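Student: the following block contains a protein sequence and its predicted model.
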Number of protein chains: 2
Amino acid sequence: MLVCNCKQISSADVKQMLRGLPSEADIEDLSAFFKVFGDPTRLRIIYYLSCTELCVYDLSALVGMQQSAISHQLKILRLHRLVKSRREGTMVFYSLDDRHVNDLYATALAHIREQ
Amino acid sequence: MLVCNCKQISSADVKQMLRGLPSEADIEDLSAFFKVFGDPTRLRIIYYLSCTELCVYDLSALVGMQQSAISHQLKILRLHRLVKSRREGTMVFYSLDDRHVNDLYATALAHIREQ
DNA sequence: CTAATATATGAACACACATTCATAAAGGAG
DNA sequence: CTCCTTTATGAATGTGTGTTCATATATTAG
């Protein structure tokens, strides 16, 4: 029974909720993962990479931000395995590395467009 | 043609990318939306509400955080139309108000669990 | 009305984070 | 080797944000 007698939820119900609760680690991972999408610059990078593979410099030109800023963000995206990189001479090409990205993108867009 | 001659992407390709680019407003909305999920406390609240409707006090007990903190977070969730509230006497019951939430949750979990 | 309970809110603080600047590292050309 | 280009990284800075504390608001009971 919960502390508040609002609806007399049984302790059995509470136990069942606690059983289904994702682990501390999962919740941390989840929130960290969503946080990656919670930045406009990273979303723009993700969009452009969803179109085609791009090098860092071109990405910075497209996004309209300094190369350093893009590199920093690419590192974060890489650490979360959302993009992968491929070196070709002095250049490094980035591309999307997750089949879920588009799903998330689409679902979120659907949400914000439902007024 | 992009500034870097890395792959000689034509200006037509660039134009097409820019055509598909979500608007400034959409990107802001998207990132703000994802940001809401980027916090462990809010994720816990969302989980519990995915089980059942709950009042603020019980939520704070389940999450293990002060009532004030929960109220602040509920306000954010409400502003993003992820939860809805219903007053019953002095109590306010919250419940999920978005059919996309579970989709996002599941997709994200799938991502972080793929190694 | 007052008292009690449940929730909401404002201010303050501490911490996280995105960007910029400067610079280092890596590779290719000469 | 040096010079140039591309990318990565560290430090610094300013901004954003989650929590707590104190308090206000709202509703019911008496």
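Tutor: Yep, that arrived. Residues are numbered from 1 along each chain as shown, chains lettered A, B, ... in the order given.
Student: mind checking what secondary structure A:Arg99 has?
Tutor: Following DSSP: H, G, I helix; E, B strand; the rest coil, the label given to A:Arg99 is coil.
Student: that one: neighbour count?
Tutor: 11 (other CB atoms under 10 Å in any protein chain shown). Every C-beta, even on glycine, is put in place using the N, C-alpha and C of the backbone.
Student: and it, how far from DNA strand D?
Tutor: 22 Å (CB to the nearest atom of the strand, to the nearest Å).
Student: OK, contacts around that residue?
Tutor: Contact analysis of A:Arg99 by CB atoms under 8 Å, 6 or more residues apart in numbering or on different chains lists nothing.
Student: what sits up against the lowest-mean-pLDDT helix or strand in chain A?
Tutor: Ranking every helix and strand in chain A by mean pLDDT, DSSP states H and E puts helix A:101-113 at the bottom, with a mean of 85. Helix A:101-113 has contacts (CB under 8 Å, 6+ apart) with A:37, A:46, A:50, A:82, B:22, B:26, B:29-30, B:33-34, B:98, B:100, B:103-104, B:107-108.
Student: switch the cut-off to 7 Å
Tutor: A:37, A:46, A:50, A:82, B:29-30, B:33-34, B:98, B:100, B:103-104, B:107-108 (CB atoms under 7 Å, 6 or more residues apart in numbering or on different chains).
Student: now rank those by neighbours and give me the top one.
Tutor: A:Phe37 (25 neighbours).
Student: can you map out the helices along chain A?
Tutor: Using DSSP state H, the helices of chain A run over residues A:11-20, A:24-37, A:40-51, A:56-63, A:67-79, A:101-113.
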